[in-house]
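Let's see this in three dimensions:
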Amino acid sequence: MKKTRIGIITIISITIALIITLLKEFDIVPVSDDVMKSMRLIIAVVLIAFALFRKNLTTWILVCMLLGVFVGVDFPNVAGALHPLSKGFIKLVKTIVGPILFGTLVYGIAGHSDLKQVGRMAWKSMLYFFCATSCAIFIGLAVINITHAGVGVDIKHMPHEQLPTVKAPDPALEHLPQHVHGVYKFANFFYDLFPENIVKSMYENRVLQIVVFSVLFGIGLAMVDEKKRKPLVDLTESLSEVMFKFTNLIMYFAPIGVGAAMAYTVGHLGVDILKNLFMLLGSLYIALIAFVLLVFVPIMLVLKISIKKFIQAVKEPVSIAFATTSSDAALPKAMSNMEKFGVPRKIVSFVIPTGYSFNLDGTSLYLSLASIFVAQAAGMHLGIGQQLAIAFTLMITSKGVAAVPRASLIVLIATAEQFGLPVFIIAAILGIDELMDMARTSVNVIGNCLATVVIAKWEGEFDENASHNFVED
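Below is the predicted model:
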């Protein structure tokens, strides 16, 4: 009963505080800074009390996110000084990625010796990824064409930040005629899939290269006789179990890392920039919510997936992805939770890492929306054909950016240059890119978690009882 009461008090307090904050920031009602600071202090005490009563890791992560916002608003210098804690958390998580992918994939393939299933999972995953990202692109285009967020934007008075460096063109293209550039880029994509050194790939966190090596290693291991296969299969099984336990230990540090990340984001951005680009930010969040409601929810309803339990399973990895803007940081917990949700480990370990390169729903939606925003802000009118050409170019070039914060900007810049869109406008929207990155990364994680359930259902291996009995840690 006490938990229910403090939960209601927390919701009411946050709602009132949010309304007062919006009224002040948009100059509707004058509120002194001292009153706002006192209100945030009261909310912080209520949130901490709520987390102490719940005694739940996910609750602490969400509470620390809000506390980080308060620190960023009231103590921006302190927030900046906390940044190493968030970077340290991400570094800690990245130590898990290589070993956990290798262990789970090799054991999933060699431990069951079902090589045909690997091929089935591959084409089924790719088909689902293509359909999901295509829907995301069309929804992004629809929303930006409805809101016209870029029309009438005063770019001159927005803060212009330094753009990230775009990768230089491949020198080999200079010696090839224009009509075969596409063939070369397609072939080069496959070249990048294969690692020259698996240790180097793990060090650089090249997820797709780790997946390719692990799959080939697993297939090779499955082809040897039982006597020679068993020791390595047992080793990879033990490695997988240890890395999942390692993940659980690291997650105790998650509230601190997530809170520090939010504090740094709010502290160095400030609140004023939100008013300058509110329409773009609002359009993105509306489009992402529409995508979840129009694509993810119908899929769950058709496949009879418990929406409530699925939310419980994904909210912790999504919270981590939202605050750190990195899908990488959420990968170990996402894999662990989806296995507990009823998806076999061999499917989880194949679909989620592969989806990190091919199933970027949030990123694809953002890139289609942002590119048209740039054109609208520049006063350029693009027809439907031109918009579709940009969107599908983005869908192809965006593969592999989910694990890297802000990497989608590089893709956006390269595409803008290719289609003659003014790059300087991207420098203006760079200020709120981190806030947009939070949302699109979260949708990427949700999409890949859902993909594991879809493939498991398709393979007839989904454990319905485990999903209905899922309980978060």
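
In stretch 448-465, which residues are buried?
Neighbour counts over stretch 448-465 (16 or more other C-beta atoms under 10 Å) mark 448-459, 462 as buried. C-beta here means a position set from N, CA and C on the backbone, and glycine is covered the same way.

From those, which land in helices?
Those of the buried residues of stretch 448-465 mapping onto helices are 448-459, per DSSP state H.

would you list the buried residues of stretch 448-465 in CSV and tack on pLDDT and distance to residue 241?
Output for those, formatted as CSV (pLDDT from 0 to 100; distance: C-beta to C-beta, whole Å):
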residue, pLDDT, distance to residue 241
448, 94, 22
449, 94, 21
450, 95, 25
451, 95, 24
452, 95, 19
453, 95, 23
454, 95, 26
455, 94, 23
456, 93, 20
457, 94, 26
458, 92, 27
459, 90, 23
462, 92, 22
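
Kindly indicate which of those lies nearest residue 228.
residue 459 (28.4 Å; C-beta to C-beta).

Quick check: next helix or strand after the one helix or strand in the chain whose mean pLDDT sits lowest?
Least confident helix or strand of the chain, by mean pLDDT, DSSP states H and E, is helix 272-276 with a mean of 54. Where DSSP states H and E defines the elements, the next helix or strand beyond helix 272-276 is helix 278-291.

Contacts for that next one next, please.
Helix 278-291 is contacted from outside by 135-136, 139-140, 142-144, 147, 149-150, 153, 274, 361-362, 365-366, 369-370, 373, 429, 432, 435-436, 439-440, 443, using C-beta atoms under 8 Å, 6 or more residues apart in numbering.

name the helices or strands packed onto the very next helix or strand once past that helix?
Using DSSP H and E, the next helix or strand after helix 278-291 towards the C-terminus is helix 297-302. Counting contacts by 3 or more C-beta pairs under 8 Å, 6 or more residues apart in numbering; DSSP states H and E, helix 297-302 packs against helix 307-324, helix 433-459.

Just the angle for the last one relative to helix 307-324, thanks.
When you say that, I think you mean helix 433-459. Angle of helix 433-459 versus helix 307-324, following axes from the mean of the first three to the mean of the last three C-alpha atoms, to 10 degrees, is 150 degrees.

and the angle for helix 433-459 with helix 278-291?
Using the same axes, to 10 degrees: helix 433-459 against helix 278-291 is 10 degrees.

Could I get the average pLDDT for the very next helix or strand once past helix 433-459?
Using DSSP H and E, the next helix or strand after helix 433-459 towards the C-terminus is helix 464-468. Mean pLDDT, computed over helix 464-468, is 88.

Comparing the helices and strands packed on helix 297-302, which comes out most buried?
Ranked by mean neighbour count, these are led by helix 433-459 with a mean of 24 (mean count of other C-beta atoms under 10 Å).

and it, how far from the chain's centre?
Chain-centre distance of helix 433-459: 7 Å, with C-alpha atoms, centre = their mean, to the nearest Å.

of the helices and strands packed on helix 297-302, which approaches residue 62 most closely?
Among these, the nearest to residue 62 by C-beta to C-beta is helix 307-324 (5.8 Å).

Residue ranges in the stretch 51-200 of the chain under the pLDDT threshold?
112-114, 152-170, 173 (pLDDT under 70).

if you set the cut-off to 80 instead, what comes out?
The model of the stretch 51-200 of the chain has pLDDT under 80 over residues 54-58, 90, 93-94, 97, 108, 111-118, 150-176, 178-190, 192-193.

can you give me the strands in it?
Along the stretch 51-200 of the chain, counting by DSSP state E, counting those that start in this stretch, no stretch forms strands.

Among the helices and strands packed on helix 297-302, which comes closest to residue 77?
Among those, helix 433-459 comes nearest to residue 77, with 18.4 Å by C-beta to C-beta.

State the distance from residue 224 to residue 194.
Look at residue 224 and residue 194: by C-beta to C-beta, to the nearest Å, they are 22 Å apart.

whoops, I mixed them up, residue 220
Distance of residue 220 to residue 194, given as C-beta to C-beta: 15 Å.

next one: residue 295
Between residue 295 and residue 194 the computed distance is 33 Å (C-beta to C-beta).

Name the residue in the two with the higher neighbour count.
Neighbours per residue (other C-beta atoms under 10 Å) separate residue 295 from residue 194, with residue 295 holding more: 18 against 12.

Nearest spatial neighbour of that one, chain-adjacent residues omitted?
In this structure, residue 295 finds its nearest non-sequential neighbour in residue 135, 5.0 Å apart by C-beta to C-beta, 6 or more residues apart in numbering.

Count residues in the vicinity of the one you found, would you?
The burial count for residue 135: 17, using other C-beta under 10 Å.

Give the full set of residues in contact with it.
Taking C-beta under 8 Å, 6+ apart, we find residue 135 in contact with 291, 294-295, 361.

and with 10 Å instead?
Residue 135 makes contacts with 291, 294-296, 361, 364-365, as judged by C-beta atoms under 10 Å, 6 or more residues apart in numbering.

how near is it to residue 291?
Distance, residue 135 to residue 291, by C-beta to C-beta: 7 Å.

what's the answer for residue 416, then?
Residue 416 sits 23 Å away from residue 291, going by C-beta to C-beta.
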